[in-house]
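> Curious how this folds, go ahead:
(one chain, ligands or ions: 1)
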Amino acid sequence: MKVDVLGVPFDNTTRKDALRQLLNFLTEDHNHLLITPNPEIVMEAQEDEELMKILNEAELVVPDGIGVVLASKFEKNSIKERVPGCDLMFDLFEVMKDMEKSVYILGGAPGVAEKAKRRMGEKYRNLNIIGVHHGYFNEQEEEKIINEIKQLKPDLLMVGLGCPRQEKWIYKNKHKLPVKVSAGIGGTIDIMAGTAKRAPIIFQKMGLEWLHRLLAQPTRIRRIIKLPLFLLTVLKNKINRK
Ligand code: UDP
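From the prediction side, this is the model:
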């Protein structure tokens, strides 16, 4: 079931069911899009038609931010739980390591994807990461990356180029790439590499991961300030609908 939050259709799923869904996608013979929007992306989509179209066509859209779950309380069917993209990817690795499935990581500063590959290979023994490339490429390099992915045919393509660049990149190349799942993963690539740290569990459980990220990187205030605006817009929308 989908829950509409300012025009973005979120799958009303749980972390467990989202994992099940991804595993299903891995058995099907076409490229499925996974997007994990937070309130900031929902707000951005209000002014970016292309992004909104992508969000509406993606096969799986799960709420990364607690703000989206809060906003959904104003809707008829509220979203069951927050499904952080990062947790979902780690759950998937846990299962994929024992399957004959492969992963390609695209994104991050030079060296970060290699580090992610090394660390994930140690943590999830036998996880088959068959290729990596950093996320600061020009057109010529892009062609090379696409050819490499075509040749390697990974089952899961993880793309961390920041939002909305990664979603647009995945969408533009959706039909060219012989993969089963393309996931927009943003900063997860840095967590996989260990160059960024996840908030302590207590922050995660209380829905305060955003606060931890703000304390670690105060310049994020420009982004976080959009959260109250997001909730107000959702509320206004609901009042106008009555
Ligand atoms: N990134 C990239 N290429 C770009 C811009 C960003 O590979 O042109 C990477 C960046 O190094 C980081 C990840 O994308 O590893 C996520 O970036 P950011 O934190 O800006 O995005 P968010 O996940 O917060 O949307």
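
> Give the burial count for Met240, as a bare number.
In this structure residue 240 is Asn, not Met. Neighbour count for Asn240, taken as other Cβ atoms under 10 Å: 7. The way it works is simple: take the backbone N, C-alpha and C, and place the C-beta from them, glycine included.

> Helix or strand: which one has the spatially closest residue to Pro200 that is not a sequence neighbour?
Among residues not flanking Pro200 along the chain, His212 sits closest, at 7.1 Å (Cβ to Cβ, 6 or more residues apart in numbering). Per DSSP states H and E, His212 falls inside helix 209-216.

> just how off-centre is that helix within its chain?
With Cα atoms, centre = their mean, to the nearest Å as the basis, helix 209-216 stands 18 Å off its chain's centre.

> name the helices or strands packed onto it?
Helix 209-216 sits against helix 66-72, helix 201-205, helix 221-224, with contacts defined as 3 or more Cβ pairs under 8 Å, 6 or more residues apart in numbering; DSSP states H and E.

> hmm, the helix ranked longest in the chain touching the ligand?
Ranked by residue count, the top helix of the chain under DSSP state H comes out as helix 226-241. No: residues of helix 226-241 are not located near the ligand by Cβ under 6 Å from any ligand atom, the shortest gap being 12.4 Å.

> Give me the buried positions along that helix.
Within helix 226-241, the residues scored as buried using 16 or more other Cβ atoms under 10 Å are Lys226, Leu227, Phe230, Leu231, Thr233, Val234, Asn237.

> same deal with stretch 51-62?
Leu51, Met52, Ile54, Leu55, Ala58, Glu59, Leu60, Val61, Val62.

> repeat for stretch 58-74
Neighbour-count burial for stretch 58-74 [16+ other Cβ under 10 Å]: 58-72.

> swap in stretch 160-173?
Applying 16+ other Cβ under 10 Å to stretch 160-173 flags Gly160, Leu161, Cys163, Pro164, Gln166, Glu167, Lys168, Trp169, Ile170, Tyr171, Asn173 as buried.

> Name the residues that touch it?
33, 35, 37, 40-41, 44-45, 48, 50-51, 54-55, 57-58, 105-108, 135, 146, 157, 159, 182, 184-190 (Cβ atoms under 8 Å, 6 or more residues apart in numbering).

> Please see if the least confident helix or strand in the chain by mean pLDDT touches the ligand.
Scoring the helices and strands of the chain by mean pLDDT, DSSP states H and E places helix 221-224 at the bottom, with a mean of 82. No: Helix 221-224 lies apart from the ligand when judged by Cβ under 6 Å from any ligand atom; the minimum separation is 7.6 Å.

> Output stretch 8-17 as CSV, nothing but the C-alphas.
Output in CSV follows, covering the C-alpha atoms of stretch 8-17 (Å, rounded to 0.1, in the frame of the first residue of the first chain):
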residue,chain,number,x,y,z
VAL,A,8,5.4,11.3,-3.2
PRO,A,9,4.0,7.8,-2.9
PHE,A,10,5.8,6.1,0.0
ASP,A,11,5.5,2.3,0.3
ASN,A,12,3.9,1.7,3.7
THR,A,13,6.2,-1.1,4.6
THR,A,14,8.5,-2.2,7.4
ARG,A,15,12.3,-2.8,7.3
LYS,A,16,11.7,-6.5,7.1
ASP,A,17,9.1,-6.3,4.3
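
> Fine, thanks again, bye for now.
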